[in-house]
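Got a sequence here, can you build the structure:
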Amino acid sequence: MRAKKVRNFYLLRLIKGEEILTTLKDFLTEKKIKGGIILGIGAGKEFTIGYYDLKRKHYFKKFIPEECEIVSLLGNIAVFEDDIFIHCHILLALPTFTTIGGHLFSGVITATAEFFILPSPVKILRQKSEEIGLNLLDL
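Down below sits the predicted model:
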C-alpha cells in the first residue's frame, strides 16, 4: 500500500495481493483514525459480500472468485469494543458487465485500488443493538 496525506484526508493506493479490509484496518490503526469515511474504486477478486436478513438477524454471504471492477466502495470507520470497525458496502462489475453488491466481508486486489479516507475530528462509536442484531452507530 502507498499512502499520502493531503490536507485533511488521505489518498491510499492498494497493490496487487493485498486484502482490502485488513490493509485498511492496519492503516487506520497506525494513524489512530477512530472515525471517518472511506471511498474507493479499483479491481479485485475473491470477494465475499453479504446481505443482512433482518428477520433472521443473519448475513447471507456470496463468494465471487473472478476478477471484478470495484465500481464503488463506500464505508465508514468507527470503534466497537475498543477496536476499529470498518463498515463497507461494495458494488462490483462482473466480467459479464452485470453488477452485484452488498456488505463487504473480504476481497483481494488484483491490479490496484484507490481510496480516499476522510478522518472524523472525533471518535465515532458503535453499540450492539439486540433488536436489530447489528453494531449500530452510537449517536
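
What separation do you get for Ala43 and Ile132?
Computed as C-beta to C-beta, to the nearest Å, the Ala43 to Ile132 distance reads 33 Å. (Each C-beta comes from the backbone N, C-alpha and C, glycine too.)

Looking at these two, which one has more neighbours?
Set side by side, Ala43 and Ile132 give different neighbour counts by other C-beta atoms under 10 Å, the larger being at Ala43 (17 against 11).

quick one, what contacts that one?
Taking C-beta atoms under 8 Å, 6 or more residues apart in numbering as the criterion, Ala43 is in contact with 67-70, 109-113.

one more time with 6 Å
Listed by C-beta atoms under 6 Å, 6 or more residues apart in numbering, the contact partners of Ala43 are 69, 110-111.

From the residues you listed, pick the one nearest Leu94.
Distance to Leu94, by C-beta to C-beta, is smallest for Glu69 among the contacts of Ala43, at 8.5 Å.

With adjacent residues omitted, what lies nearest to the closest one?
Spatial nearest neighbour of Glu69, chain neighbours left out: Ala93 (4.1 Å); criterion: C-beta to C-beta, 6 or more residues apart in numbering.

and what of Ala43?
Residue nearest to Ala43 in three dimensions, not counting chain neighbours: Ala111, with 4.5 Å by C-beta to C-beta, 6+ apart.

tell me which element the one you found falls in.
Following DSSP states H and E, the helix or strand that holds Ala111 is strand 99-119.

relative to strand 99-119, how tilted is the helix or strand hosting Glu46?
Under the criterion of DSSP H and E, Glu46 resides in strand 36-53. Orientation note: strand 36-53 sits at an angle of 150 degrees relative to strand 99-119 (axes from the mean of the first three to the mean of the last three C-alpha atoms, to 10 degrees).

circling back to that earlier point, so what secondary structure elements neighbour the helix or strand following the strand holding Ala111?
Next along the chain after strand 99-119, taking DSSP H and E as the criterion, comes strand 126-128. Other elements packing on strand 126-128 under the criterion 3 or more C-beta pairs under 6 Å, 6 or more residues apart in numbering; DSSP states H and E are strand 135-137.

Alright, that wraps it up for me.
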